[in-house]
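A.B. asks: here is a sequence with its predicted model. Questions after.
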Amino acid sequence: MITKSAQKHISKIALIIMILYTVLVCAAAGQSVYVGQAGAEGKVLRKYIEPSELKKLVDHPVDSIWIIDVRSEKAYFNGHIPTAKSFPAAILTSRLNEIPKDKYLIIYCTVGGMAKIASKTLKKAGYKKYMNWGGISRWEWERATEDSSGLLQHNE
C-alpha cells in the first residue's frame, strides 16, 4: 500500500518529467519548423538535411545541386556555407532568371523562416526541386567569406 506522502512524491516526479519533456520538445521544435520542407520534386534533397551530410556535399559538390543563401548580401559576405550562392530573399523575384529550374536547390537563411518565404516564391515561379535546410547556425564548420576584392576566404 502506498502512503499519501509517497503518492505526493510520485506525483511531483511525474509532473517534473512532463515539464522536462515539454521543454525538450519545444526546444527541438524551436530550431525551425520549416526544416526539411520541400517542393514536389525536392524530397530527394532530405538526405542532406543533417549538417554532416550537407558538409559532404560541400566537400564534393554535385553540379545538379545548388546551395542558396537567402540572407542579406552583408550576412552572406560575413560568412556563408562554402559553395553557397547568394540570392537575398528581398530581391529573389528579380533574380529568378539566374536560377535554373532543372537544378536541385537547398535553401537556407538565418533560422529557416526566410528560406520558407523564398521557397514559396520559388514554388509560385514554377520551381519544384527545392528544400528548406533551415538556419546557418546548424553549420558547424568553417564559413566562407569574401574580402573587398571579391576573393573567397575561409574563416572559422
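C.D. replies: Arrived safely. These numbers were taken from a predicted model, which means no experiment stands behind them.
A.B. asks: let me see the domain layout of the chain.
C.D. replies: Taking automatic domain parsing as the criterion, the chain consists of the domains 1-30, 43-155.
A.B. asks: output those domains as TSV; include the columns mean neighbour count, mean pLDDT and distance to Gly36.
C.D. replies: For the C-beta atoms, the positions are set from N, CA and C on the backbone; glycine is no exception. Below are those laid out as TSV (neighbours: other Cβ atoms under 10 Å; pLDDT from 0 to 100; distance: least, Cβ to Cβ, whole Å):
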stretch	mean neighbour count	mean pLDDT	distance to Gly36
domain 1-30	9	70	12
domain 43-155	17	92	5
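A.B. asks: identify the residues contacting the spatially closest residue to Arg143 that is not a sequence neighbour.
C.D. replies: The shortest distance from Arg143 to any residue that is not its chain neighbour, by Cβ to Cβ, 6 or more residues apart in numbering, is 3.5 Å, and that residue is Gly79. Residues counted as contacts of Gly79 (Cβ atoms under 8 Å, 6 or more residues apart in numbering) are 136, 143-145, 155.
A.B. asks: now name the helix or strand holding the spatially most central residue of the chain.
C.D. replies: Nearest to the geometric centre of the chain sits Gly134, at 1.5 Å (Cα atoms, centre = their mean). Secondary-structure element containing Gly134, defined by DSSP states H and E: strand 130-135.
A.B. asks: give me the contact list for that strand.
C.D. replies: Residues contacting strand 130-135 (Cβ under 8 Å, 6+ apart): 31-32, 34-39, 42-43, 45-46, 48-49, 54, 67, 104-112, 115-116, 119, 122-123.
A.B. asks: starting at the chain centroid, how far to it?
C.D. replies: Averaging C-alpha coordinates over strand 130-135 and over its chain gives two centres that are 4 Å apart (Cα atoms, centre = their mean, to the nearest Å).
A.B. asks: with stretch 133-145 instead?
C.D. replies: Centroid displacement of stretch 133-145 relative to its chain, using Cα atoms, centre = their mean, is 9 Å.
A.B. asks: CA atoms of it as PDB?
C.D. replies: Output in PDB follows, covering the C-alpha atoms of stretch 133-145 (Å, rounded to 0.1, in the frame of the first residue of the first chain):
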ATOM      1  CA  TRP A 133      17.600  23.400 -45.000                       C
ATOM      2  CA  GLY A 134      17.000  25.800 -42.100                       C
ATOM      3  CA  GLY A 135      19.400  28.200 -40.500                       C
ATOM      4  CA  ILE A 136      23.100  28.700 -40.900                       C
ATOM      5  CA  SER A 137      23.600  28.200 -37.100                       C
ATOM      6  CA  ARG A 138      23.300  24.400 -37.900                       C
ATOM      7  CA  TRP A 139      26.500  24.700 -39.900                       C
ATOM      8  CA  GLU A 140      29.300  23.600 -37.600                       C
ATOM      9  CA  TRP A 141      32.300  24.000 -39.900                       C
ATOM     10  CA  GLU A 142      34.200  27.000 -41.200                       C
ATOM     11  CA  ARG A 143      32.300  29.600 -43.200                       C
ATOM     12  CA  ALA A 144      33.500  31.100 -46.400                       C
ATOM     13  CA  THR A 145      33.600  34.900 -46.700                       C
END
